[in-house]
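Undergrad: below are the sequence and a predicted model; questions follow.
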Amino acid sequence: MQDAYKIEMKGITKHFGGVKALSNVSFKIKKGEIHALVGENGAGKSTLMKILSGAYPKDSGQILIDGKEVKIASPKDSKDLGIAVIYQEFMLAPDLTVAENISIDNLADTGIFVNWNHLKKAASEQLSKLGFGDIDPGVKVGNLSVAYQQIVEICKCLTRNADVIVFDEPTAVLTFTEIEKLFAIIRKLKSEGVSVIYISHRLDEIFELSDNITVLKDGGYVNTVPALSITKEELVNMMVGRSITQMFPQRNAKIGKEILRVENLNAGNMVKDVSFTVREGEILGFSGLVGAGRTETMRAIFGADKIDSGKVIYFGKEVRFSHPRQAISNGFGLLPEDRKKQGLLLEQSIRVNTTLASMYKIKNKSGIIHHKKEKKYVRDLLQGINTKYGSTEDNVNSLSGGNQQKIALSKWLSADCKCIVVDEHTRGVDFGCKIEIYKI
């Protein structure tokens with residue numbers, strides 16, 4: 001039947017303790033359709049997809065595949081039903097190679113022993129099909145850039161020959177060239193009859209790719225509309241409940257004296273003879289393809305990586321931070337691109353993460369933390385960037401990816417930095433919050 005749906009999710013409800021993540025949410029997608037799922041951070045998009053993937057059990061509701069109700073109690077159930085999910089937070093084993101990660105489900109599919117040469121060759125062929133033949137299948141995934149880890153994650157799911165593939169913020173760390181390659185892959189999947197669920201905060205991508213758009217807000221279903229029947233402004237209004245007239249704030253900062261000068265910086269294999277200056281009140285943008293050395297340059301200045309040669313002059317004095325602690329004590333902050341490994345303590349509370357770089361604000365002269373003062377400080381700060389959370393004592397890993405990013409940013413906002421590097425600072429952050437971050 002032409003009108004039959006590949007997947008139908010009806011009346012899905014999910015609670016985490018006292019927090020309502022989803023309330024009577026419905027979603028459906030046809031075979032060979034690209035269907036966008038949008039909403040603010042914490043709207044329930046990722047939770048809904050984790051229920052579809054078997055990572056979370058639903059409290060109530062139905063899931064139908066090809067018109068028949070199914071029970072999805074584990075990720076294996078979902079995989080056996082032909083569903084693959086490419087999560088915003090990668091599901092990779094950092095100490096295994098690229099080839100091992102790509103073939104993790106069938107390492108020894110031809111017998112009891114692993115054919116390593118076959119494994120590497122198959123991975124290399126798959127990467128080349130995606131247009132990323134430069135990724136070495138023998139390298140450990142943990143040694144790759146975040147963008148290349150994203151490609152490995154995508155490659156791993158494509159090898160499963162799934163009927164339904166969920167892409168959760170797949171382009172957040174990719175450059176335009178990589179995004180074009182990914183879009184070509186998604187369109188090819190559509191032509192082969194694969195159903196694609198696409199989650200993104202980048203609205204241009206939503207309109208370029210999708211056939212239909214479903215909007216969630218505060219854990220509830222809002223509407224499903226054809227992509228051609230709605231404008232970007234109307235979609236934003238549906239998502240955030242208000243019209244947004246200006247994406248980027250007016251630039252009215254006074255550009256002052258030079259505060260940072262980098263001369264002929266060399267660090268490792270990625271940073272070669274880099275020079276630039278930054279002045280008070282100035283926003284200096286860094287652009288380049290994946291592997292161009294942007295992140296590595298900033299890590300070297302921050303003291304996270306070793307500088308081989310060159311000069312860093314900060315407020316008129318030559319410095320060479322040997323440890324990030326030195327940089328922080330001098331009012332120099334770095335929000336890293338990989339929040340999961342470098343930007344947050346995932347199993348610590350929201351409160352601890354937020355004040356990690358500004359303990360001096362909430363300690364007394366004896367060094368004892370004033371917890372009541374700290375909690376109010378954290379609540380006020382997070383309210384300013386519209387962060388959705390239950391309690392300041394909840395662990396950061398209980399939050400959606402976008403809200404985790406807000407916590408990572410809030411740590412540096414509280415530190416009163418004189419100079420701050422923000423690397424992919426709006427990764428996984430919704431449209432409304434991006435505007436708040438740009439204003440800050």
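TA: It's in.

Undergrad: tell me the span between the first and last residue of stretch 183-203.
TA: Using C-alpha to C-alpha, to the nearest Å, one end of stretch 183-203 lies 14 Å from the other.

Undergrad: doesn't Lys30 make contact with Lys190?
TA: No. Lys190 is not in contact with Lys30 according to C-beta atoms under 8 Å; the separation is 10.8 Å. (Glycine included, C-beta is placed from N, CA and C.)

Undergrad: got a list of contacts for stretch 226-233?
TA: 36, 203-204, 206-207, 210-213, 238, 243-244 (C-beta atoms under 8 Å, 6 or more residues apart in numbering).

Undergrad: swap that for stretch 328-345, please
TA: Stretch 328-345 is contacted by residues 89-90, 146, 173, 295, 298-299, 301-302, 304, 314, 319, 321, 324, 327, 346, 352-353, 356-357, 396, 404-405, 407-409, 411-412, 415-425, 427 when judged by C-beta under 8 Å, 6+ apart.

Undergrad: what residues of that stretch count as buried?
TA: 328, 330, 332-340, 342-344 (16 or more other C-beta atoms under 10 Å).

Undergrad: what are the ranges of the helices in the stretch 101-250 of the chain?
TA: Per DSSP state H, counting those that start in this stretch, the stretch 101-250 of the chain carries helices over the ranges 116-129, 146-158, 176-191, 203-209, 232-240.

Undergrad: residues in contact with the second one?
TA: I take that to be helix 146-158. 84-87, 90-92, 98, 101-102, 104, 123, 126-127, 130, 132, 135, 141, 144, 165, 167, 170, 172-175, 178, 182, 185, 290-291, 337-338, 424.

Undergrad: from the residues you listed, which would you call buried?
TA: Among the contacts of helix 146-158, those buried by neighbour count (16+ other C-beta under 10 Å) are 84-87, 90, 92, 98, 101-102, 123, 126-127, 130, 132, 135, 141, 144, 165, 167, 170, 172-174, 178, 182, 185, 290, 337-338, 424.

Undergrad: which parts of the stretch 1-150 of the chain are strands?
TA: For the stretch 1-150 of the chain, applying DSSP state E, counting those that start in this stretch gives strands covering 5-16, 19-30, 34-38, 60-65, 68-69, 83-86.

Undergrad: which stretches of the stretch 301-440 of the chain aren't confidently modelled?
TA: Applying pLDDT under 70 to the stretch 301-440 of the chain flags the ranges 428.

Undergrad: what about the strands in it?
TA: Here the stretch 301-440 of the chain has its strands, by DSSP E, counting those that start in this stretch, at 309-314, 317-319, 332-335, 419-422.

Undergrad: deepest-packed of these, please.
TA: Burial of the strands of the stretch 301-440 of the chain is given as mean neighbour count (mean count of other C-beta atoms under 10 Å); strand 332-335 ranks first at a mean of 23.

Undergrad: that strand pairs with which strands, and in what direction?
TA: Sheet pairing of strand 332-335 (DSSP bridges) gives strand 419-422 (parallel).

Undergrad: mind exporting the partner strand as CSV, just the C-alpha atoms?
TA: Once non-C-alpha atoms are left out, strand 419-422 reads as follows in CSV (Å, rounded to 0.1, in the frame of the first residue of the first chain):
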residue,chain,number,x,y,z
CYS,A,419,39.9,36.0,26.4
ILE,A,420,37.8,32.9,25.5
VAL,A,421,38.1,30.4,22.7
VAL,A,422,34.7,28.8,21.7
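
Undergrad: can you list contacts of stretch 100-110?
TA: Stretch 100-110 is contacted from outside by 79, 92-93, 96, 114, 118-119, 122-123, 126, 137, 141, 152, 155-156, 159-160, using C-beta under 8 Å, 6+ apart.

Undergrad: drop anything exposed from those.
TA: With burial judged by 16+ other C-beta under 10 Å, the buried subset of these is 79, 92, 96, 119, 122-123, 126, 137, 141, 152, 155-156, 159.

Undergrad: picking up where we left off before, most neighbours, which of the contacts of stretch 226-233?
TA: Neighbour counts for the contacts of stretch 226-233, by other C-beta atoms under 10 Å, peak at Ala36, which reaches 25 neighbours.

Undergrad: what count of nearby residues applies to Glu192?
TA: Neighbours of Glu192 (other C-beta under 10 Å): 10.

Undergrad: OK, contacts around the closest residue to it other than its chain neighbours?
TA: Spatial nearest neighbour of Glu192, chain neighbours left out: Gly32 (7.9 Å); criterion: C-beta to C-beta, 6 or more residues apart in numbering. Contacts for Gly32 (C-beta under 8 Å, 6+ apart) come out as 190-195.

Undergrad: just the buried residues out of the contacts of stretch 328-345, in PyMOL syntax.
TA: Those of the contacts of stretch 328-345 that count as buried under 16+ other C-beta under 10 Å are selected in PyMOL with:
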select buried, resi 89+90+146+173+295+298+299+301+302+304+314+319+321+324+327+346+352+353+356+357+396+404+405+407+408+409+411+412+415+417+419+420+421+422+423+424+425+427
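
Undergrad: mind giving me JSON lines with the strands of the stretch 301-440 of the chain and columns for distance to Ile72?
TA: Formatted as JSON lines, the strands of the stretch 301-440 of the chain follow (distance: least, C-beta to C-beta, whole Å):
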{"stretch": "strand 309-314", "distance to Ile72": "53"}
{"stretch": "strand 317-319", "distance to Ile72": "54"}
{"stretch": "strand 332-335", "distance to Ile72": "36"}
{"stretch": "strand 419-422", "distance to Ile72": "38"}
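
Undergrad: out of these, nearest to Met49?
TA: Closest approach to Met49 among those is made by strand 332-335 (26.3 Å; C-beta to C-beta).

Undergrad: could you tell me how many residues sit around the closest residue to Ser78 other than its chain neighbours?
TA: Spatial nearest neighbour of Ser78, chain neighbours left out: Gly54 (4.0 Å); criterion: C-beta to C-beta, 6+ apart. A count of nearby residues for Gly54, using other C-beta under 10 Å, gives 20.

Undergrad: and the pLDDT for Gly54?
TA: In this prediction, Gly54 carries a pLDDT score of 94.

Undergrad: now Gly142
TA: Looking at Gly142, its pLDDT is 89.

Undergrad: related to what we said a few turns ago, now the helices of the stretch 101-250 of the chain in JSON lines, with distance to Tyr5?
TA: Formatted as JSON lines, the helices of the stretch 101-250 of the chain follow (distance: least, C-beta to C-beta, whole Å):
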{"stretch": "helix 116-129", "distance to Tyr5": "29"}
{"stretch": "helix 146-158", "distance to Tyr5": "22"}
{"stretch": "helix 176-191", "distance to Tyr5": "16"}
{"stretch": "helix 203-209", "distance to Tyr5": "19"}
{"stretch": "helix 232-240", "distance to Tyr5": "22"}
